[in-house]
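K.L.:
Return atomic coordinates for the entry below.
(4 chains)
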Number of protein chains: 2
Amino acid sequence: MARKQGSHSEITGPRVLEAALRLIARHGYAAVSMRQIAAEVGVQAGALYNYTPDKQSLLFDLMRHHMVELLDALAEADLTGDALSRLKGFTQFHIRFHLPRSDQVFVSYMELRNLVPQNFTAIETMRREYEDALENILRAGEAEGVFAVPDTRVATMALIAMLTGLSHWYREGGRLAMPVIEQIYWDLVRKSVAV
Amino acid sequence: MARKQGSHSEITGPRVLEAALRLIARHGYAAVSMRQIAAEVGVQAGALYNYTPDKQSLLFDLMRHHMVELLDALAEADLTGDALSRLKGFTQFHIRFHLPRSDQVFVSYMELRNLVPQNFTAIETMRREYEDALENILRAGEAEGVFAVPDTRVATMALIAMLTGLSHWYREGGRLAMPVIEQIYWDLVRKSVAV
DNA sequence: CATCTAACTGAACAATCGTTCATTTGAAAA
DNA sequence: TTTTCAAATGAACGATTGTTCAGTTAGATG
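P.N.:
Residues are numbered from 1 along each chain as shown, chains lettered A, B, ... in the order given. Got it, this is the predicted structure:
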């Protein structure tokens, strides 16, 4: 047997990334073998190398794709207006973008140490760009006099950690619906930087 | 060669745990081999099995030790008084306990998925106990009327995520000294739950 | 000094790892 | 219908994995 029924590169390729994402999110990069990924896709391990030069590139592609998607979506969100509106927009954006992508969040925040230095730097640069978007809002709020943030960089890291932490415990169909949780987090964010 | 100069079980035993902690924190549980740990200690891989029945127990021991130490220290902190004082005490305690233990924090928050179910449950129970300590403070503040927290459970998770996130980016000798950072985080915490 | 044994070595085990590649297959093109 | 070739297979590579264990040794004990 070789090519299977209905098997094409434009089908198998994405399925490799999907399988890798789910497996790595659950068990970790080092704990997942190429054979496990292949089995999930329904091919032999060798076939994966039609779609990735090696395992490391697979991880990097997953993380880069997540970050590019994040930055694109943020740009499209087009947060304008006064600082308070922008902060609310950012909070909503962050929650709505990350909550349906728990696997990506897991991988992007847990597997950084498994990237080779060059790939690590690339991801870190994009992450920094995202953080800077929030910090700029906090700075604007300081300038407007509507925020009281002793150190915008520290506050940025603190708020992003708080918001991202949501992805680690939120489960669909849990005690609280998403809009409720969104409101709770916005209250916490808003008050924490208030004058 | 067998027993080395000055080599004793009460010396080698702790060194195994120290080496495992540092290596797992840097590279992850699955990526670290028993031979790497042994090399760090200065023995052969087989010698490790005088100190742990298997690799999984090594990981579990590290995480259990961290949680036991955390809960003991919290109990000893003996946070009393009004809710605001207790919240300040908890915030200070959390930061001061976790900041000098970045390896333990890394392992305890990243390697949960590598615990077998029974060990996972044991750690999760202790973690829940710690979370409940904070939630009780938030509840008390609600009762006193000094906190305005729509959902104490969500706020608990949000605040712990914010505080623990500090361990992920803080580096000794960085731009800001620890007392300064502590003050910034306390401001954020205090305001976020304020009425 | 002789004895004992905890602590270690070093080789071995089967299993699994990432990766390569000659070969085979089947769907699309001619 | 025949030809073509992208997309697979499946076997193989050397390296490494966690773990076991018979044998060795150095420090404590008598």
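K.L.:
pretty sure A:Leu48 contacts A:Gly13?
P.N.:
No. Counting by CB atoms under 8 Å, A:Leu48 does not reach A:Gly13; the two are 10.1 Å apart. (Glycine included, C-beta is placed from N, CA and C.)
K.L.:
who's more crowded, those two?
P.N.:
A:Leu48 (21 against 14; other CB atoms under 10 Å in any protein chain shown).
K.L.:
which helices and strands sit right next to the worst-scoring helix or strand of chain A on mean pLDDT?
P.N.:
Across the helices and strands of chain A, mean confidence by mean pLDDT, DSSP states H and E is lowest for helix A:9-27: a mean of 94. Packing partners of helix A:9-27 (3 or more CB pairs under 8 Å, 6 or more residues apart in numbering or on different chains; DSSP states H and E): helix A:34-41, helix A:55-77, helix A:102-110.
K.L.:
what's the most buried one of the ones you listed?
P.N.:
helix A:102-110 (a mean of 20; mean count of other CB atoms under 10 Å in any protein chain shown).
K.L.:
What is that one packed up against?
P.N.:
Using 3+ CB pairs under 8 Å, 6+ apart, the elements in contact with helix A:102-110 are helix A:9-27, helix A:55-77, helix A:152-169.
K.L.:
Distance from the chain centre to it, please.
P.N.:
On the basis of CA atoms, centre = their mean, to the nearest Å, helix A:102-110 is displaced by 6 Å from the centre of the chain it belongs to.
K.L.:
Now do the domain split for chain A, please.
P.N.:
Domain assignment for chain A, taken from automatic domain parsing, gives A:1-52, A:54-192.
K.L.:
Turn these into a markdown table, including distance to B:Arg113.
P.N.:
Formatted as a markdown table, the domains of chain A follow (distance: least, CB to CB, whole Å):
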| stretch | distance to B:Arg113 |
| --- | --- |
| domain A:1-52 | 6 |
| domain A:54-192 | 9 |
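K.L.:
Relative to B:Val146, which of the ones you listed is closest?
P.N.:
Nearest to B:Val146, of all the domains of chain A, is domain A:54-192, at 13.5 Å by CB to CB.
K.L.:
Now the residue positioned nearest the centre of chain A. Nearest residue, chain neighbours left out?
P.N.:
Nearest to the mean C-alpha position of chain A, counting by CA atoms, centre = their mean, stands A:Val105 at 4.1 Å. Leaving aside its chain neighbours, A:Val105 sits nearest to A:Ser167 (4.4 Å; criterion: CB to CB, 6 or more residues apart in numbering or on different chains).
K.L.:
how many neighbours does the residue nearest to A:Gly165 when sequence neighbours are not counted have?
P.N.:
Computed as CB to CB, 6+ apart, the closest residue to A:Gly165 that is not its neighbour in sequence is B:Ala161, at 2.5 Å. Using other CB under 10 Å, B:Ala161 has 21 other residues around it.
K.L.:
B:Ala161 contacts A:Leu159, correct?
P.N.:
No. Contact status for B:Ala161 versus A:Leu159: not in contact, 10.4 Å apart, counting by CB under 8 Å.
K.L.:
Go ahead and produce CSV holding the CA coordinates of the least confident helix or strand of chain A.
P.N.:
Taking C-alpha atoms only, helix A:9-27 is exported to CSV below (Å, rounded to 0.1, in the frame of the first residue of the first chain):
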residue,chain,number,x,y,z
SER,A,9,-0.9,16.7,0.6
GLU,A,10,-3.3,19.6,1.1
ILE,A,11,-5.3,17.3,3.4
THR,A,12,-2.5,15.5,5.2
GLY,A,13,-0.3,18.5,5.7
PRO,A,14,-2.8,20.4,8.0
ARG,A,15,-3.7,17.2,9.7
VAL,A,16,-0.1,16.7,10.7
LEU,A,17,-0.1,20.1,12.4
GLU,A,18,-3.4,19.5,14.1
ALA,A,19,-2.3,16.1,15.5
ALA,A,20,1.0,17.5,16.6
LEU,A,21,-0.7,20.4,18.3
ARG,A,22,-3.2,18.3,20.2
LEU,A,23,-0.6,15.7,21.3
ILE,A,24,2.0,18.2,22.3
ALA,A,25,-0.5,20.2,24.3
ARG,A,26,-1.5,17.1,26.2
HIS,A,27,1.8,15.4,26.8
